[in-house]
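>>> Okay, here's the prediction I keep looking at, along with the sequence it came from:
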Amino acid sequence: MADKLISKIPDGPLAEKWTKRKSEIHLVSPNNKRKLEIIVVGTGLGGASAAASLGELGYNVKIFCISDSPRRAHSIAAQGGINAAKNYQNDNDSIYRLFYDTIKGGDYRAREANVYRLAEVSAAIIDQCVAQGIPFAREYGGYLANRSFGGVQVSRTFYARGQTGQQLLLGAYASLNKEIAAGTVKSYPRHEMLDLVIINGEAKGIIARNLVTGQLERFGAHAVVIATGGYGNTYFLSTNAMNSNGSAAMQCYRKGAFFANPCFAQIHPTCIPVHGDQQCKLTLMSESLRNDGRIWVPKKLEDVEKLRKHEIKASQIPEEDRDYYLERRYPAFGNLVPRDVASRAAKERCDAGFGVNETGKAVFLDFSDAIRRLGHQKVAERYGNLFEMYEKITASSPWEEPMMIYPAIHYTMGGIWVDYDLQTTIPGLYAIGEANFSDHGGNRLGASALMQGLADGYFVIPVTIGDYLSHKFAEPKTDINAPEFVVAEKAVQARIDKLFAINGTKTVDSIHKELGHIMWEYVGMARDEEGLKTAIAKIKELRESFYKDVKVPGNQFEFNQELEKALRLEDFFDIGELMAYDALNRKESCGGHFRVESQTEEGEAKRDDKNFMYVAAWEYKGEGVEPELHKEPLKYEFIEVKTRNYKD
Amino acid sequence: MNFNVKIWRQRNAKAKGHFETYHIEDIESDASFLEMLDILNEQLIREGIDPVSFDHDCREGICGACSLYVDGRAHGPDDHVTTCQLFMRHFKDGATITVEPWRSSAFPVIKDLVVDRRAYDKILQAGGFISVRTGSAQDANNILIGHDVAEESMDAAACIGCGACVATCKNGSAMLFVAARVSSLALLPQGKVEAAKRARAMVKKMDELGFGNCTNTRACELECPKGISVSHIARLNREFLKAKFSE
């Protein structure tokens, strides 16, 4: 099976690889494109931009989403911005620097060639988005404005207030609408993929449930593109939208697609802290806030006590009694260290007893300096809507008192293994955006998720998928009455029947919360061997109790949100387990993955390049059975691999 | 906090709906309205009652999925919020809270509080875009856009497509929704080329789909969770007139 992991990275100098690959790729003529069908699952930045671009090329595209409209995909919630190597600020930015920052930020666990390509196409994304009418922030002269983000020393992030994801998605959705109107794309909202159909080893379609009628429907194509995002909701509490799930990815995994680096999950440092047991969702406060906000906790434990008892306010603690711990530990980057570093530093202070709220799990993000330096109006222009949002949720005004924040699960760098063409180990099956593993290594830098989703969708997949389809145009339309479709649909039906038959006493959410607790406790910000083994055992038990005691009310043939959640939870068990296996195997600390056994004397993460400089690609071996590990070695030919240092 | 929640129950699009009242206890004042509904649903499932269906997703006020009419107001008794950002501290302990789906013939009920808003997608498909092909764009800084123009365009582009304006309007008009898109694009040089055509096509589609007419009551503006101004409707009307004259 090892020969399945062929990365197809083109030879030659780094800067010429993408050009070289593009020149090798077979073309499909316009009259043949009309004969070819492509299924795209998911309508976030990756899916919407891919479907629109493929439609423009003349392919017949079917696009699926679980929500009532493509516009609701979770990309909509991204706040801060999108990176591009435009060097509009004349601060010596370049494709190389964006590439280098991304590789370094990812702690040297991403592929050089993929990341370089990402940086290379980044500038064209901004051009495309401006042409679509996205109202990016502008300087007074009419030129595009930029801001900085964590982990970098240049200003290359483009933004539309704190709603950049929304604006980019509305742009991609508009292009999608243009193609739906033109008849090249057909949209299937409120449809959920429940299985991948493989014929003669190639991806040929999907089984989807119409979420309104409950009917199972079959859809055939010449290729399938998965763009369903990440699996952060395995933890129950995360910044992901409530319906975000990893199910499509798990269906592909169970059908033979390898799943890469599942343990690399990003914990975002600036989220609103958990308020109680009734909570179901955590809210992110954009990383852009760290541009002007300063993170601190009190130096004295007695001040912490007083804060917790509401005897004093943060603003009453004098400057000399504040510990700006990021500025103290990482003078070169200060509050703008990468997310994994900032999150662990917050945990370290809170574990040491300096957490500033009743739960002991919060630190301050303070704007008083920025307000003094820049004035109220400037700060309002940059962060006004974020301040408002914070105040709505917490009933406390960041203008008067610092925000309270704490890390939360936000993004997953791991995903379906893909080659340079974004094709999975199953021919004809592609994965783009957060759903794949390819560009962010062990940790993703801020404002890079939007960049990757759109790079894959607008500029990579429309080119690379042609190489596969150029051999397929003579093939007839996929027959949805083929035995493979019948078998797949029956299996999905059996899965649904099984869930209704249990008729137990526990709700789906209550079990999902338990899974979340296991994941956060043992596969969270700090992991060790014993804990990970415990997690695997506990997930197994929990899965058993789910199949004995879950209650799914109603029936299949109606709008049934409990059934949707139950099906997704089954897949979250598989992902949780897979994450724990991967974390157990990776005995180094790297990016978002921190193994307690592997740290320096100062408590910084200790990477082990000698033994772990590889992509861990896992092959499914059956429910509850340990998956098989395949290794794709990572070679760094064009950069020197260094220890990440944000101190000096 | 304790509440009585009076909720619209309707099995499917064809079934007749009715109100049911449920009692719920021990809700944290910091819980969001949708978290309260989550807890209610947990309770209903345990009691063997079908849980209440409602659309929701991001729970941070940006996806536009949530769409509840609470105590006679779209998104409930707080200004400039979606239902997911409405908190229980805005209600009196012991209150009876009435929860309905959006009421509009253009948004038929699917189940309980879930409505079908595909009509919005159809309006945007009629012309809510700039016809640019991937790859044909010039350098982004070749199009200069004044700071204030970009900001005004952004004000309109902030629309989340939730449908509160339609649900609030006594005529069930989608004018604010249409105007937000038309205005956001018409303000920008890139969007001007197709501005008149866009306005005409989108208004025509809106009329076809059974939305009502705008009679300038401005109720939409008051209830829009993103505070989108009716001044954009004036710009839509200008673009629409231009389109008429150019016919």
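Thanks, I have it. Numbering: from 1, shown residues only, chains lettered A, B, ... in the order given.
>>> and A:Ala203, that's in a strand?
Yes: assessed with DSSP: H, G, I helix; E, B strand; the rest coil, A:Ala203 lies in a strand.
>>> Rank the helices and strands of the chain by mean pLDDT and give me the bottom one.
All of this refers to chain A. helix A:376-394 (a mean of 88; mean pLDDT, DSSP states H and E).
>>> Is that one positioned near chain B?
Yes: judged by C-beta under 8 Å from any C-beta of the partner chain, helix A:376-394 and chain B are in contact via A:389, A:392-393. Where you see a C-beta, it was placed from the backbone N, CA and C, and this is true even at glycine.
>>> Let's see that helix as PDB, backbone CA atoms only.
C-alpha atoms of helix A:376-394 as PDB (Å, rounded to 0.1, in the frame of the first residue of the first chain):
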ATOM      1  CA  HIS A 376     -11.400  56.000  19.900                       C
ATOM      2  CA  GLN A 377     -12.300  56.500  16.300                       C
ATOM      3  CA  LYS A 378      -9.400  54.600  14.800                       C
ATOM      4  CA  VAL A 379      -9.900  51.700  17.200                       C
ATOM      5  CA  ALA A 380     -13.600  51.600  16.400                       C
ATOM      6  CA  GLU A 381     -12.900  51.500  12.700                       C
ATOM      7  CA  ARG A 382     -10.600  48.500  13.100                       C
ATOM      8  CA  TYR A 383     -12.400  46.500  15.700                       C
ATOM      9  CA  GLY A 384     -15.800  48.200  16.300                       C
ATOM     10  CA  ASN A 385     -17.900  45.300  15.300                       C
ATOM     11  CA  LEU A 386     -15.800  42.900  17.300                       C
ATOM     12  CA  PHE A 387     -16.100  45.100  20.400                       C
ATOM     13  CA  GLU A 388     -19.900  45.200  19.900                       C
ATOM     14  CA  MET A 389     -20.100  41.400  19.500                       C
ATOM     15  CA  TYR A 390     -18.100  40.900  22.700                       C
ATOM     16  CA  GLU A 391     -20.300  43.300  24.600                       C
ATOM     17  CA  LYS A 392     -23.500  41.600  23.300                       C
ATOM     18  CA  ILE A 393     -22.300  38.200  24.500                       C
ATOM     19  CA  THR A 394     -20.600  39.100  27.800                       C
END
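>>> List the buried residues for that helix?
A:379, A:382-383, A:385-390, A:392-394 (16 or more other C-beta atoms under 10 Å in any protein chain shown).
>>> so which of those would you say is closest to chain B?
Checking those against chain B with C-beta to the nearest C-beta, the nearest one is A:Lys392 at 5.2 Å.
>>> How confident was the prediction at B:Ala157?
Here the pLDDT value assigned to B:Ala157 is 98.
>>> I'd like to know how many residues surround it.
27 (other C-beta atoms under 10 Å in any protein chain shown).
>>> okay, and for chain A, where does confidence drop off?
For chain A, residues meeting the criterion pLDDT under 70 lie at A:1-3.
>>> what's the burial count for B:Arg118?
18.
>>> same deal with A:Gly42?
31.
>>> for B:Glu208, same thing?
Residues near B:Glu208, counting by other C-beta under 10 Å: 12.
>>> before we move on, what about A:Gly531?
Close neighbours of A:Gly531, defined as other C-beta under 10 Å, add up to 19.
>>> Now name the helix or strand holding it.
helix A:529-549 (DSSP states H and E).
>>> which residues in the stretch 251-400 of chain A form strands?
With DSSP state E, counting those that start in this stretch as the criterion, the stretch 251-400 of chain A has strands at A:259-260, A:265-271, A:294-298, A:322-323, A:363-366.
>>> strands paired with the first one, and their directions?
Strands adjacent to strand A:259-260 in the sheet, as given by DSSP bridges, are strand A:415-416 (antiparallel), strand A:614-619 (antiparallel).
>>> Single out the most deeply packed of these.
Ranked by mean neighbour count, those are led by strand A:415-416 with a mean of 29 (mean count of other C-beta atoms under 10 Å in any protein chain shown).
>>> what comes into contact with that one?
A:226, A:230-231, A:249, A:252-253, A:257-261, A:424, A:431, A:434-438 (C-beta atoms under 8 Å, 6 or more residues apart in numbering or on different chains).
>>> re the thing from before, now the element after the least confident helix or strand of chain A, going C-ward?
Per DSSP H and E, the first helix or strand lying C-terminal to helix A:376-394 is strand A:403-412.
>>> how much distance is there from the least confident helix or strand of chain A to the middle of the chain?
25 Å (C-alpha atoms, centre = their mean, to the nearest Å).
>>> Perfect, I'm done here.
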